[in-house]
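Give the three-dimensional model of this entry:
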Amino acid sequence: MKGPRGATVGAVGAVVLREGSVLLIRRARPPGLGSWTLPGGRTEPGETSVAALVREIREETGLDVVPLRFLAAVRIGSYRILDYLAQPRAGEPAAGDDAAEARFVPTRDLAKLGVTDAVLRVVRLALGQSTPA
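Below you'll find the model as predicted:
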């Protein structure tokens, strides 16, 4: 999906870690229908990236999170996604909004779910296993 007149669309994503697992959603709508990815979404006009992150994670997973630090900017098509490391406050994820499913997945199982190379890179960065490009 292209932004207005080919403009870049601002978005956010979160790496939420818990006990050797990372929070993923299975997309319920295009783009990426059925694929597993990090939760997140578009930044609304006038919204900060941190506020968008908290809102999007709550909408997609029902979890309240505390953003800890910026990880990386990733470009996918017309989207510029600002990925953050975030900590869950409490509770268990439940799919909502654009998510067909939301759950914590052991980080060792990410490749088995077919997540993108971009997701793998950002999760590794959050785990301190690589450095930003």
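
Now do the contacts for the residue nearest to residue 25 when sequence neighbours are not counted.
Of all residues not flanking residue 25 in the chain, residue 99 sits nearest, at 3.9 Å (CB to CB, 6 or more residues apart in numbering). (Each C-beta comes from the backbone N, C-alpha and C, glycine too.) Residues counted as contacts of residue 99 (CB atoms under 8 Å, 6 or more residues apart in numbering) are 25, 26, 27, 28, 39, 60, 61.

Which helix or strand contains the second one?
In this structure, residue 26 is located in strand 21-27 according to DSSP states H and E.

That strand pairs with which strands, parallel or anti?
The strands that strand 21-27 pairs with in its sheet are strand 9-18 (antiparallel), strand 36-37 (antiparallel), strand 99-106 (antiparallel) (by DSSP bridges).

Let me know the pLDDT of the residue nearest to residue 25.
As predicted, residue 99 sits at a pLDDT of 89.

do the same with residue 17
If you check residue 17, the pLDDT there is 96.

ok, for it, nearest residue in space, not its chain neighbours?
residue 126 (6.4 Å).

Could you tell me how many residues sit around that neighbour?
The tally of other residues near residue 126 (other CB atoms under 10 Å) stands at 24.

Quickly note the distance from it to residue 31.
As judged by CB to CB, to the nearest Å, residue 126 and residue 31 stand 23 Å apart.

do residue 19 as well
Distance, residue 19 to residue 31, using CB to CB: 30 Å.

Compare the two and say which is more crowded by neighbours.
The neighbour count for residue 19 versus residue 31, taken as other CB under 10 Å, is higher for residue 31 (11 against 6).

Which strands and helices lie in contact with the helix or strand containing residue 50?
Per DSSP H and E, residue 50 falls inside helix 49-61. Packing partners of helix 49-61 (3 or more CB pairs under 8 Å, 6 or more residues apart in numbering; DSSP states H and E): strand 9-18, strand 21-27, strand 40-42, strand 65-76, strand 79-88, strand 99-106.

which residues sit against stretch 81-94?
Outside stretch 81-94, the residues that touch it by CB under 8 Å, 6+ apart are 10-18, 23, 38, 40, 49-50, 53, 57, 61-75, 102-104, 122, 126.
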